[in-house]
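> I'd like to go over a predicted model; first the sequence, then the structure.
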Amino acid sequence: MPHKTDIWMPLYIGDYLSDTSDLSAEQHGAYLLLLMHQWKTGPLPDDLDALSRVAHLSASSTAQALLKHLLIRFFERRECEGFALWVQQRSEAEKFKWSEKKRVYVERASKGGRARVASSTRQAVLEVVLEECTSPSPLPKVQKQKQKPSRAKTARGTKTAEAKSRHAEFKDAIGQYWESKNPGVEMPWGPAEGRNLEMWLKESPNTSLPQFKDFLRNRFRSAVNHTERPSRWIGNVTNFAGGPLDKFGHPVNGAQPPKADPLAGMTFVNGGAQ
């Protein structure tokens, strides 16, 4: 029984036509014959006379020029143990892919993975041919009825999605604050930052995003280390709920916001906040 690679060869029509749209009918025929010969026997020899016979071309100089054009355009010339060979790389890659698939399948069959191919390696190869080359059965398939998710599961999924969305919004606000104080410097954000923000959100479920931005706005005007990574201060961000703090962590007495608050609306941009 012939191997699968002896009885078929994949042809990706869209790719083929896009690469060969300018070829004549004679060039198409010669190229396809060269491809099929490589698929069955391996890389082509660097012998124009032999390849002319494979491509069903005459020995004329015109035919030889046509053949050279096809080889140079679609094949790669390689040296192997002192011999020159022509290889169409995609065809060789597809053949290797099939060989690997066949090897894995045969190994599974030899271990008893599929009883119907346990008789021999040849039978295993035949099963692959039948499995991959035959068209799908026209008989209707019985579709299993999808089980509807429970209300509790749906509710959990909704809560999880909302928590992720809230986490992303608050993280984005922190990023705006960081960029305003440290323009051009990438904000450090790792597992510690993610965990600390998640814990703070769980402990402050009723704190809105505008309130959180107020905390950041007050921190922006405080005498603190603004280059400190967020994991160090996320858990204590509510310390700024009452207003900006001095370098000792005390409220700034009598501090009045500037007439044109640079953080009004919490819109941060590179180089500062507007």
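All right, it came through fine.

> roughly how far does the closest residue to V252 other than its chain neighbours sit from S52?
The shortest distance from V252 to any non-neighbouring residue, by C-beta to C-beta, 6 or more residues apart in numbering, is to P244 (4.9 Å). C-beta: built from backbone N, CA, C; applies to glycine. To S52, P244 is 87 Å away according to C-beta to C-beta, to the nearest Å.

> same deal with N236?
Distance, N236 to S52, using C-beta to C-beta: 83 Å.

> ok, the residue nearest to V252 - how many residues close by?
17 (other C-beta atoms under 10 Å).

> backbone phi and psi for it, please?
Here is the backbone geometry of P244 (degrees, to the nearest 10): phi -70, psi 160.

> pLDDT score for it?
For P244, the pLDDT comes out at 92.

> pull the contacting residues for it.
N218, R219, F220, R221, S222, A223, P251, V252, A255 (C-beta atoms under 8 Å, 6 or more residues apart in numbering).

> burial check on G175, number of neighbours?
15.

> number of residues surrounding the residue lying closest to it once chain neighbours are set aside?
What sits nearest to G175 in space, not counting adjacent residues and going by C-beta to C-beta, 6+ apart, is M187, at 5.6 Å. A total of 16 residues lie near M187 under the criterion other C-beta under 10 Å.

> again with A30
Count around A30 with other C-beta under 10 Å applied: 23.

> and what of L66?
Count around L66 with other C-beta under 10 Å applied: 21.

> could you check the pLDDT of it?
94.

> can you offset everything so residue one is 642?
Renumbered: residue one is now 642, and that last one reads L707.

> report the buried residues of the helix or strand harbouring it.
Using DSSP states H and E, L707 falls within helix 702-715. In terms of neighbour count (16 or more other C-beta atoms under 10 Å), helix 702-715 has its buried residues at A704, Q705, L707, L708, L711, L712, F715.

> D656: which of these is nearest?
F715 (12.1 Å; C-beta to C-beta).

> and the closest one, how far from F811?
From F715 across to F811, the span is 57 Å (C-beta to C-beta).

> and P686, by the same measure?
Going from P686 to F811 by C-beta to C-beta gives 68 Å.

> among those two, which residue is more densely surrounded?
Remark: of P686 and F811, F811 carries more neighbours, 22 against 15, as counted by other C-beta under 10 Å.

> can you pull the contacts of that one?
Residues in contact with F811 (C-beta under 8 Å, 6+ apart) are L838, L842, L850, F853.

> and those residues, which two are the farthest apart?
Using C-beta to C-beta, the pair of those lying farthest apart is L838 and L850, separated by 12.8 Å.

> and the two? Which one has more around it.
Neighbour count, other C-beta under 10 Å: between L838 and L850, L838 has more, with 21 against 13.

> could you find the closest non-adjacent residue to that one?
Distances taken as C-beta to C-beta, 6+ apart put I875 closest to L838, at 5.4 Å, once the chain neighbours are dropped.

> can I get stretch 669-688 as PDB, trimmed to CA atoms?
The C-alpha coordinates for stretch 669-688 follow below in PDB (Å, rounded to 0.1, in the frame of the first residue of the first chain):
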ATOM      1  CA  HIS A 669       2.100  26.500 -14.500                       C
ATOM      2  CA  GLY A 670       2.400  23.000 -15.800                       C
ATOM      3  CA  ALA A 671       6.100  22.700 -15.500                       C
ATOM      4  CA  TYR A 672       6.100  24.200 -12.000                       C
ATOM      5  CA  LEU A 673       3.400  21.900 -10.700                       C
ATOM      6  CA  LEU A 674       5.200  18.800 -12.200                       C
ATOM      7  CA  LEU A 675       8.400  19.900 -10.400                       C
ATOM      8  CA  LEU A 676       6.500  20.300  -7.100                       C
ATOM      9  CA  MET A 677       4.900  16.900  -7.400                       C
ATOM     10  CA  HIS A 678       8.200  15.300  -8.300                       C
ATOM     11  CA  GLN A 679       9.800  16.800  -5.200                       C
ATOM     12  CA  TRP A 680       6.900  15.700  -3.000                       C
ATOM     13  CA  LYS A 681       7.300  12.100  -4.100                       C
ATOM     14  CA  THR A 682      11.100  11.800  -4.400                       C
ATOM     15  CA  GLY A 683      12.700  14.600  -2.400                       C
ATOM     16  CA  PRO A 684      14.800  17.600  -3.400                       C
ATOM     17  CA  LEU A 685      15.400  18.000  -7.200                       C
ATOM     18  CA  PRO A 686      18.900  17.400  -8.700                       C
ATOM     19  CA  ASP A 687      20.800  20.300 -10.200                       C
ATOM     20  CA  ASP A 688      20.500  18.700 -13.700                       C
END
